[in-house]
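Student: 3D, please:
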Amino acid sequence: MNSPDDFVDGAPVGREGQAAPVVRRTSSAFGSPGSDSTVRRHDLNDVFIRHPDATFMMRAAGNDMSSAGIGDGDCLIVDRALAAQHGSVVIAIVAGELRCRRLEQPSGPRGKRAAVLLVADAGVAPIVITEEATLEVWGVVTTVIKSLV
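Tutor: Residues are numbered from 1 along each chain as shown. The predicted structure is shown next:
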């Protein structure tokens with residue numbers, strides 16, 4: 001089994017030159033061990049990657065987002081082709097560093113309220129995006145992969 005550090009943060013994922021087939025849903029229960037018809041192999045690229053050329057894997061550092069289900073060392077699948085929306089968990093560039101935060105966007109006119117990057121856990125101040133500090137979203141987190149061992 002590979003160790004959790006086998007990939008470089010920001011490594012592209014997916015299969016080059018191949019379009020992903022349609023994702024199929026199956027039962028969450030296991031079929032009968034004697035029946036081969038219920039056991040299928042799934043390519044995780046097909047299951048989790050919508051935009052292979054714009055999708056990257058990163059490793060989370062710290063526990064600021066643990067209430068959102070993202071812990072230290074978790075693998076994040078980040079899609080740069082998706083547009084960030086209110087409530088999206090994003091990777092944003094703040095002061096030259098990549099930060100994982102939940103995006104809160106105001107619904108009113110842009111000048112009245114600034115966008116805010118929130119941490120899921122209390123104790124860390126939100127990052128308020130003003131006209132002077134522009135919001136630069138690097139990508140949208142679509143999937144969190146946790147190691148149980």
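Student: now do the helices in the protein.
Tutor: 44-48 (DSSP state H).
Student: which stretches in it count as strands?
Tutor: 11-12, 55-59, 75-79, 89-94, 97-104, 115-118, 127-129, 137-145 (DSSP state E).
Student: packing partners of the second one?
Tutor: This means strand 55-59. strand 11-12, strand 75-79 (3 or more C-beta pairs under 8 Å, 6 or more residues apart in numbering; DSSP states H and E). Heads up, the C-betas are built off the backbone N, CA and C, glycines and all.
Student: mind doing that once more with 10 Å?
Tutor: strand 11-12, helix 44-48, strand 75-79, strand 137-145 (3 or more C-beta pairs under 10 Å, 6 or more residues apart in numbering; DSSP states H and E).
Student: and it with strand 75-79, angle?
Tutor: Following axes from the mean of the first three to the mean of the last three C-alpha atoms, to 10 degrees, one obtains 150 degrees for the angle between strand 55-59 and strand 75-79.
Student: hey, what's Ile93 bridged with?
Tutor: Beta bridges link Ile93 to Leu98 when assigned by DSSP bridges.
Student: that one touches Ile129, doesn't it?
Tutor: No: using C-beta atoms under 10 Å as the test, Ile93 is too far from Ile129 to be in contact (11.3 Å).
Student: can you count the residues close to Val141?
Tutor: Applying other C-beta atoms under 10 Å, we find 23 other residues in the vicinity of Val141.
Student: kindly state the beta-bridge partners for the residue found closest to it once you drop the neighbours it is linked to in the chain.
Tutor: Once flanking residues are discounted, Val141 sits nearest to Val89: 4.3 Å by C-beta to C-beta, 6 or more residues apart in numbering. On the basis of DSSP bridges, Val89 is bridged to Arg102.
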